[in-house]
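K.L.:
my questions concern the predicted model and sequence given below.
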Amino acid sequence: MSEQIYQDALARVREIGENAGVNAEVIESLMHPMRTMIASLPVRMDDGSTEYFTAYRCRYNNALGPTKGGIRYHPEVNQPEVQALALWMTIKCAVVGLPYGGGKGGITVDPKKLSRMELERLSRSYVRQMADIISPDRDIPAPDVYTNERIMGWMMDEYEHITRQKAPGVITGKPISLGGSLGRDDATGRGAYMCILELEKKHGWNPSDIKVAVQGFGNGGYHAARLLHERGYKIVAISDSRGGIHSDSGFDVPSIYKEKQRSRQVKAVYCTQSVCEQVEHNTISNEQLLELDVDILIPAALDGVIGKHNVDKIKANYIVEVANGPVLSDVDAILHDKEIHVVPDVLANAGGVTVSYFEWVQNRSGYAWDLDTVQERLGKIMSKSFNEVWDLAKSENRSMRNAAYTLAFRRIGEAVGAHGTRDYFNSSDA
Ligand SMILES: NC(=O)C1=CN([C@@H]2O[C@H](COP(=O)(O)OP(=O)(O)OC[C@H]3O[C@@H](n4cnc5c(N)ncnc54)[C@H](OP(=O)(O)O)[C@@H]3O)[C@@H](O)[C@H]2O)C=CC1
Ligand SMILES: O=C(O)CCC(=O)C(=O)O
């Protein structure tokens, strides 16, 4: 996660923005984050000492609504990365038509080294520092890498403690018992799966002929792999932070998940009810996984994994970006020329924020939807958004990323215009 990622994200906005048919001032406004708050979080450790962690929350742009985006816990979190992630949230929410701007947060920490109590104190400390900028109408966090519903529950609880009122809409991805939505747990992977179903229709694919490699086996990667496996796609490679496994005959995803839950590692196993047995496979690195000869490559871990250093070795026909920012901008044109099609992050992983939006709507109305309603509405938004992007890409010979950004810029531009004559670019920190 290089600090260059933000410059890379800006370069892409500038390049695509030039041909999007949008006022240059709108594109310029996207080159500047509205506000990034940096805080030091003092945390009492279990041994009685105090450690300080650096935390960020960026509210990037709120032309379309309150800012929205996850909170990442990772040792390499830094300000430029958080800003890049917040910029992508701004574009993503516009691509799928949500009434949100973009934000993102993070803490520079290795959460695997903290005890549960330390993690809870850290998470509560984050909310104490950020309480002035988050709120159900202003900035609404959610989970991202190495954060989860339990952490969202602690954060909501801390916020309610500070404001002395119930405020479930301040954060999404919460436990169901605290106002979370059914269907948020697998929404990111399901949204990507729904994009692949659209591709399946367009190309007339037979799922059992399609080989898929998935990098990252967390919330996004696991559910995408599980749903594709259930439909009959061949999941030939899976990895986590320690490396990956590969077999051309495909893996049984539920078995691998069961073993990952048990041992914390991705292992090539097939499990019956009582026992998991090893199956034939190769052990591969995360770099090798990206270079496999597959039909669909799903990077679902971290940003910047495909760039000039490896683009010549990429063999997949489709890259479906479940991770945010896995492909660097300087290889967009190379991939387009090689006819390696990218379903961009701002579309492919938008299922997560879409169901977060549903959660927020449910919290505000005080009425919980059933799972069928959530999934049906997610399906409608994903299918409509996918086809809008696809149609623009086909009709104007743009890449899908270019088309998605173009649609987003136009929507943001319309909102900026509709805000009126006030000097929008200098104010509006609502
Ligand atoms: N959660 C969400 O709702 C959304 C997530 N995303 C994006 O999806 C991506 C993954 O997020 P999410 O699934 O939530 O995160 P999780 O924390 O649930 O899982 C992360 C996964 O990535 C693996 N991983 C970590 N580092 C590496 C590495 N260097 N190489 C390969 N794998 C690695 C982890 O391995 P291990 O298990 O060994 O730690 C884990 O399997 C991120 O880019 C995130 O921004 C996008 C939209 C929404
Ligand atoms: O669910 C959300 O609000 C945001 C999820 C997120 O951080 C993302 O889409 O990258």
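P.N.:
Received, thanks. Ligands and ions are numbered 1, 2, ... in the order given.

K.L.:
tell me the secondary structure at whatever residue of the chain ends up closest to ligand 2.
P.N.:
Proximity of the chain to ligand 2 (CB to the nearest ligand atom) peaks at Gly70, 2.7 Å away. (C-beta placed from N, C-alpha, C; glycine too.) Under DSSP: H, G, I helix; E, B strand; the rest coil, Gly70 falls in the strand class.

K.L.:
surely it meets Ile140?
P.N.:
No. Counting by CB atoms under 8 Å, Gly70 stays clear of Ile140, with 10.2 Å between them.

K.L.:
now do the same contact list for Thr115.
P.N.:
Actually, residue 115 is Ser rather than Thr. Asp46 (CB atoms under 8 Å, 6 or more residues apart in numbering).

K.L.:
read off the pLDDT value for it.
P.N.:
Ser115 carries a pLDDT value of 98.

K.L.:
how about Ser2?
P.N.:
In this model, Ser2 carries a pLDDT of 65.

K.L.:
with Gly417 instead?
P.N.:
pLDDT, Gly417: 86.

K.L.:
mind checking how far it is from Leu87?
P.N.:
As judged by CB to CB, to the nearest Å, Gly417 and Leu87 stand 20 Å apart.

K.L.:
for this structure, which segments count as strands?
P.N.:
Secondary structure of the chain (DSSP state E): strands located at 35-44, 50-61, 67-74, 101-108, 139-143, 211-215, 234-240, 243-246, 269-271, 276-278, 282-284, 296-299, 318-320, 341-343.

K.L.:
list the buried residues in the second one.
P.N.:
Which is strand 50-61. Neighbour-count burial for strand 50-61, counted by 16 or more other CB atoms under 10 Å, picks out 53, 55-61.

K.L.:
by contact count, what packs against that strand?
P.N.:
Counting contacts by 3 or more CB pairs under 8 Å, 6 or more residues apart in numbering; DSSP states H and E, strand 50-61 packs against strand 35-44, strand 67-74, helix 79-95, strand 101-108, helix 116-130, strand 139-143.

K.L.:
okay, the ones you listed in JSON lines with mean neighbour count next?
P.N.:
JSON lines is the format used below for those (neighbours: other CB atoms under 10 Å):
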{"stretch": "strand 35-44", "mean neighbour count": "16"}
{"stretch": "strand 67-74", "mean neighbour count": "27"}
{"stretch": "helix 79-95", "mean neighbour count": "27"}
{"stretch": "strand 101-108", "mean neighbour count": "28"}
{"stretch": "helix 116-130", "mean neighbour count": "19"}
{"stretch": "strand 139-143", "mean neighbour count": "27"}
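
K.L.:
mind checking which of these is nearest Ala316?
P.N.:
Ranking the helices and strands packed on strand 50-61 by proximity to Ala316 (CB to CB) places helix 79-95 first, at 21.5 Å.

K.L.:
right, is that closest one up against ligand 1?
P.N.:
No. On the criterion CB under 6 Å from any ligand atom, helix 79-95 is out of touch with ligand 1, staying 6.7 Å away.

K.L.:
now stretch 261-275
P.N.:
No. Using CB under 6 Å from any ligand atom, stretch 261-275 stays clear of ligand 1, coming no nearer than 7.0 Å.

K.L.:
surely Met37 and Arg57 touch.
P.N.:
Yes. Counting by CB under 8 Å, Arg57 is a contact partner of Met37 at 4.9 Å.

K.L.:
what sits in contact with each of those two?
P.N.:
130, 133.

K.L.:
what parts of the stretch 301-430 of the chain come near ligand 1?
P.N.:
Residues of the stretch 301-430 of the chain lying near ligand 1 (CB under 6 Å from any ligand atom): 301-302, 322-324, 349, 352.

K.L.:
now for those: which two are most distant?
P.N.:
Spatial extent of these (CB to CB) is set by the pair Leu302 and Gly352 at 16.0 Å.

K.L.:
what about the longest helix along the chain, distance to the chain center?
P.N.:
Secondary structure of the chain per DSSP state H: the longest helix is helix 371-395. Centroid displacement of helix 371-395 relative to its chain, using CA atoms, centre = their mean, to the nearest Å, is 17 Å.

K.L.:
counting contacts, what elements does that helix pack onto?
P.N.:
helix 187-203, helix 345-348, helix 350-365, helix 400-418.

K.L.:
contacts for the third one?
P.N.:
It refers to helix 350-365. So helix 350-365 is in contact with 68-70, 89, 92-93, 95-96, 98-100, 136, 140, 142, 168-169, 172-174, 179-181, 183-184, 187-192, 194, 220, 368-369, 374, 377-378, 381-382, 385, going by CB under 8 Å, 6+ apart.

K.L.:
mark which of the residues you listed are buried, thanks.
P.N.:
The neighbour-count criterion (16+ other CB under 10 Å) marks 68-70, 89, 92-93, 95-96, 98, 100, 136, 140, 142, 168-169, 172-174, 179-181, 183-184, 187-192, 194, 220, 369, 374, 377-378, 381-382, 385 among those as buried.

K.L.:
which residues does Ser152 contact?
P.N.:
Not quite, residue 152 is Met, not Ser. 141-143, 171-175, 180.

K.L.:
at 7 Å what do you get?
P.N.:
Shown here is Met152, whose contacts under the criterion CB atoms under 7 Å, 6 or more residues apart in numbering are 143, 171, 173-174.

K.L.:
over to Leu30?
P.N.:
By CB under 7 Å, 6+ apart, the contact list for Leu30 reads 13, 61, 87, 90.
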